[in-house]
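the sequence and its predicted three-dimensional model are supplied below.
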Amino acid sequence: MMKFLQPLGALLVLLAGVSAKDETYDYIIVGGGTAGTALATRLSQGLPKSKILLIEAGPAAADELRINVPGLRGSILGTSYDWNFTTVPQTSLGGRSIDVNRGKVLGGSSAMNYLCYDRASAPEYDAWRELGNKGWGWDAMIEAMTKSENFTGSDNDRHGFTGPIRNYYNRVVYPVIRLWQPTVSKLGINVNDGNSMGGKPIGVMFQPTNIDETRHTRSYSASSYLPLAGRNLVVKTNTQVAKVNLVKRRGPGSVYQATGVTLSSGEIIAANKEVILSAGSVQSPGLLELSGVGQAAVLKAAGVNQLIDLPGVGENYQDHIRVSNTYRLKEGIDSFDPLIFDSAGANATGELAKWLNGEQSLYEYTTAAYGFMNWQQLGVDSQMKQLARKTFGRSTNPIDAKKLQHLDNPIVPAVEILYEANFVGAFGYTGGKFITLISTVMHPFARGSVHIDSQNPAADNNKPVIDPGYMSNAYDIQALVEAAKFARRIAHTEPMRLAWEIETEPGDEAVQTDEQWADFARKAMGSFYHPVGTCAMLPRGDGGVVDANLRVYGTSNLRVVDNSIIPVIPSAHIQTAAYGIAEIAAAKIIAQA
Ligand SMILES: Cc1cc2nc3c(=O)[nH]c(=O)nc-3n(C[C@H](O)[C@H](O)[C@H](O)COP(=O)(O)OP(=O)(O)OC[C@H]3O[C@@H](n4cnc5c(N)ncnc54)[C@H](O)[C@@H]3O)c2cc1C
Ligand SMILES: *[C@@H]1O[C@H](CO)[C@@H](O)[C@H](O)[C@H]1NC(C)=O
Ligand SMILES: *[C@@H]1O[C@H](CO)[C@@H](O)[C@H](O)[C@H]1NC(C)=O
Ligand SMILES: *[C@@H]1O[C@H](CO)[C@@H](O)[C@H](O)[C@H]1NC(C)=O
């Protein structure tokens, strides 16, 4: 008898040893990324009697310095930890393709991101409910986001203190970064230090970064959630899922049930209860399509038998667009550039040695200085609203309508400007020390798409057809132009003006008129790596893919839990949203188990 009462963990060690065709789990989560790893951990804690499987295409990389050292952020872009996607040539950018980086490693894009840790304004989360999703909104999301959070620091802002993801205000702040608030406030922007995490981000301030204070390492889903999981969670890395297996349920109606997944190797793994897609905004829609769920035309072209007609799959792709103004610093003013661009030099290796020895190191440096602004604060409120209404006032799309409403609410940011103590230009580093002002449009109206490649649809082809439609409308172009012009105004204001000698990108002389700025933006624009919306949580008739329980329409037990469900892009960096969505999903799945 004792044999059958052994702890479940031990049982699973046995199961992991049996041949794949016999494997069965209660819950299978596809994608061990930001949301997927958080969800798997919470299910394992909340459903201790259930067997849970987390499948990740990439490897585990617990000891990878390029992930763990905060100041090495960016260094795994374009490596084997990156899926290296690109967009199709963008018509409005003169045919340029834009990189779409995504983490291919346990932890997903939370292992790759730039450690900006913040939140959007409260009305933007409330918009999710207003679009038809009962139970969602700011109250639900702030509770969930703080549940995932352990802030170590002291201020009176809205933080969580007992969750897995650690964060604090960076202790490495270059003196040139301290010019931020004194400079921008001269242009009439309010200082909002210590008060931006509770749904009112408008203003200029320092914000936290997701670093673990005990070792000054990146705190991300694989390092901070996963160790909390029980032994009822099995993690398979270096394993790619090809599709979800769906069968039509008996009885009236045509509801499909997920019975498990098929791996790229052809192996089948069964799920007794649910399959959950957490493959992110670029790959969750493709997995649905390969499973027979999506637009008729897309599936037909790819030769996939359509089971569920869901035209919204892969549509509604939204992203933040950004452009940089770069300024070379005067002699004697310090920046982070040597640690990026001379990483083999004595200074960089010395600083890395300090980090490895547990001493305070410049390699702890991450973004500190943020500005979230509305158009009123930039002095172009009526022009920008008029332009948006002229272009989208007659649209019947609910996302467009919501963005028009956001423009009328002064607590909802229209623009973000980030201030960095290093070169982040588009045309290459040419030596020296820099500051960069990165201007980002918070609610571009462009809504693009991502679909499987009809010529080679297999999941392991890894070439989704991504068309974000960047800068494809008059509002998005002018918004980027106005934001970058304002960034130049900031740079020309003292005390910041006293720190630099020349604007190298775009260059004061080369770019002055709005047409010149727009032309520069087409050549220099990049993504802020925030694609959302491609499996939108919306009513089915509005292009929705999942309902308010994150269940895929037409299925009984297939959900999507990642940033693809966000219906309208929020005015923030969006890892906190991914964790919040995972926490809410876990609570729902546990309650419905
Ligand atoms: C370079 C970069 C910088 C960023 N900077 C910031 C920042 O500073 N602050 C911030 O808040 N946000 C930032 N973001 C955005 C944020 O990190 C992402 O929005 C968020 O991590 C996405 O979480 P997710 O769970 O939706 O997807 P992901 O974390 O991308 O997870 C998807 C996972 O699914 C796996 N997968 C995909 N297909 C399959 C398959 N078929 N089988 C098995 N596994 C599969 C992938 O390998 C991946 O691990 C950044 C993103 C990037 C890429
Ligand atoms: C991404 O590109 C780099 C450089 O070409 C390559 O080494 C890496 O393997 C690629 N990643 C994937 C997942 O193929
Ligand atoms: C929060 O993080 C600190 C280290 O920064 C740690 O000492 C503490 O135990 C953490 N709290 C929880 C509940 O995990
Ligand atoms: C690296 O350079 C900075 C100044 O730019 C200095 O403060 C720091 O001590 C140097 N570190 C090492 C290890 O030389």
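Right, received. Where do you want to start? Ligands and ions are numbered 1, 2, ... in the order given.

Ser219 reaches Asn167, doesn't it?
Yes. At 6.7 Å, Ser219 counts as touching Asn167 under the criterion of CB atoms under 8 Å. C-beta here means a position set from N, CA and C on the backbone, and glycine is covered the same way.

anything in contact with each of the two?
By CB atoms under 8 Å, 6 or more residues apart in numbering, Ser219 and Asn167 have these common neighbours: Asn210, Ile211.

how about the residues of the stretch 51-200 of the chain by ligand 3?
Contacts of the stretch 51-200 of the chain with ligand 3, taken as CB under 6 Å from any ligand atom, map to Asn150, Thr152, Thr162, Arg166.

tell me, how many neighbours does the last one end up with?
Neighbour count for Arg166, taken as other CB atoms under 10 Å: 24.

sec struct for it, please.
strand (DSSP: H, G, I helix; E, B strand; the rest coil).

residues contacting it?
Asn150, Phe151, Thr152, Asn210, Ile211, Asp212, Glu213, Ser219, Ser224.

same question, Asp514
Here Asp514 is in contact with Gln478, Val481, Lys485 (CB under 8 Å, 6+ apart).

kindly report the same for Ala229.
Ala40, Thr41, Ser44, Gln45.

so how far is Gly103 from it?
19 Å (CB to CB, to the nearest Å).

okay, and the helix or strand of this structure with the least pLDDT?
Every helix and strand in the chain was compared by mean pLDDT, DSSP states H and E; the lowest is helix 8-17, with a mean of 36.

which single residue of the stretch 101-250 of the chain ends up nearest ligand 2?
Proximity of the stretch 101-250 of the chain to ligand 2 (CB to the nearest ligand atom) peaks at Lys104, 5.0 Å away.

I figured that residue was touching Tyr81, is that so?
Yes. Using CB under 8 Å, Lys104 is in contact with Tyr81, at 5.7 Å.

need the overlap of contacts for these two.
Gly58.

returning to that earlier point: for the contacts of Asp514, which one is nearest ligand 1?
Looking across the contacts of Asp514 and measuring by CB to the nearest ligand atom, the closest to ligand 1 is Val481, at 23.8 Å.

which element is the closest one on?
Using DSSP states H and E, Val481 sits in helix 474-491.

report the mean per-residue pLDDT for that helix.
The average pLDDT for helix 474-491 rounds to 98.

ok, stretch 33-47 next?
98.

list the buried residues of it.
Applying a neighbour-count criterion of 16 or more other CB atoms under 10 Å, one finds 33-45, 47 buried in stretch 33-47.

ok, and of the residues you listed, which contact ligand 4?
Okay, of the buried residues of stretch 33-47, nothing touches ligand 4 (CB under 6 Å from any ligand atom).

can I assume Gly280 is in contact with Val30?
No. Assessed by CB under 8 Å, Gly280 is found out of contact with Val30, at 10.4 Å.

any common contacting residues for those two?
By CB under 8 Å, 6+ apart, no residue touches both Gly280 and Val30.

nearest to ligand 3: which residue in the stretch 201-350 of the chain?
Counting by CB to the nearest ligand atom, the stretch 201-350 of the chain gets nearest to ligand 3 through Glu213 (3.6 Å).

mind checking pLDDT for that residue?
For Glu213, the predicted pLDDT is 96.

in contact with the closest residue to it other than its chain neighbours: list those residues for me.
Nearest residue to Glu213, sequence neighbours excluded (CB to CB, 6 or more residues apart in numbering): Thr152, at 4.6 Å. Each residue near Thr152 by CB under 8 Å, 6+ apart is listed here: Arg166, Asn167, Tyr168, Glu213.

any idea how far Phe445 is from Ala524?
For Ala524 relative to Phe445 (CB to CB), the value is 20 Å.

with Gly286 instead?
24 Å.

number of nearby residues for Ala401?
15.

what does this structure put close to ligand 4?
So the chain meets ligand 4 at Asp334, Asn347, Gly350, Glu351 (CB under 6 Å from any ligand atom).

pretty sure the second one sits against Pro338.
Yes. With contact defined as CB under 8 Å, Asn347 reaches Pro338; the gap is 5.1 Å.

of the two, who's got more company?
Neighbours around Asn347 and Pro338, counted as other CB under 10 Å, are more numerous at Pro338. The numbers are 17 against 12.

returning to what we had before: by neighbours, which of the residues of the chain next to ligand 4 wins?
Counting by other CB under 10 Å, top hit in the residues of the chain next to ligand 4: Glu351 with 23 neighbours.

up against ligand 2, what does the chain have?
Gly78, Thr79, Ser80, Asp82, Trp83, Asn84, Lys104.

how does it look with 5 Å?
Ser80, Asn84, Lys104 (CB under 5 Å from any ligand atom).

work out for me the element the residue of the stretch 251-400 of the chain found nearest ligand 2 sits within.
Proximity of the stretch 251-400 of the chain to ligand 2 (CB to the nearest ligand atom) peaks at Gln283, 12.1 Å away. Using DSSP H and E, Gln283 sits in helix 280-290.

do the same with Arg328
Here Arg328 is assigned to strand 321-329, by DSSP H and E.

my read: Pro398 touches Ala536, true?
No. Counting by CB under 8 Å, Ala536 is not a contact partner of Pro398; they are 10.0 Å apart.

the two: which is more packed in?
Ala536 (31 against 21).

could you list the domains of this protein?
If you go by automatic domain parsing, the domain ranges for the chain are 1-169+221-319+455-470+531-593, 174-206+321-441+472-524.

could you say which of those domains is packed most deeply?
Mean neighbours per residue, mean count of other CB atoms under 10 Å, is largest over those for domain 1-169+221-319+455-470+531-593, with a mean of 21.

what's the overlap in contacts for Pro398 and Ala536?
In contact with both Pro398 and Ala536: no residue, using CB under 8 Å, 6+ apart.

show me what contacts the residue lying closest to Pro495 once chain neighbours are set aside?
What sits nearest to Pro495 in space, not counting adjacent residues and going by CB to CB, 6+ apart, is Leu179, at 5.0 Å. Neighbour list for Leu179: Pro495, Met496, Ala499 [criterion: CB under 8 Å, 6+ apart].

the last one touches Ile333, doesn't it?
What it means is Ala499. Yes. Counting by CB under 8 Å, Ala499 touches Ile333, with 5.4 Å between them.

ligand 3 versus the residue of the stretch 151-300 of the chain found nearest ligand 4, what's the distance?
Using CB to the nearest ligand atom, the single residue of the stretch 151-300 of the chain nearest to ligand 4 is Tyr174, 9.0 Å away. Going from Tyr174 to ligand 3 by CB to the nearest ligand atom, to the nearest Å gives 23 Å.
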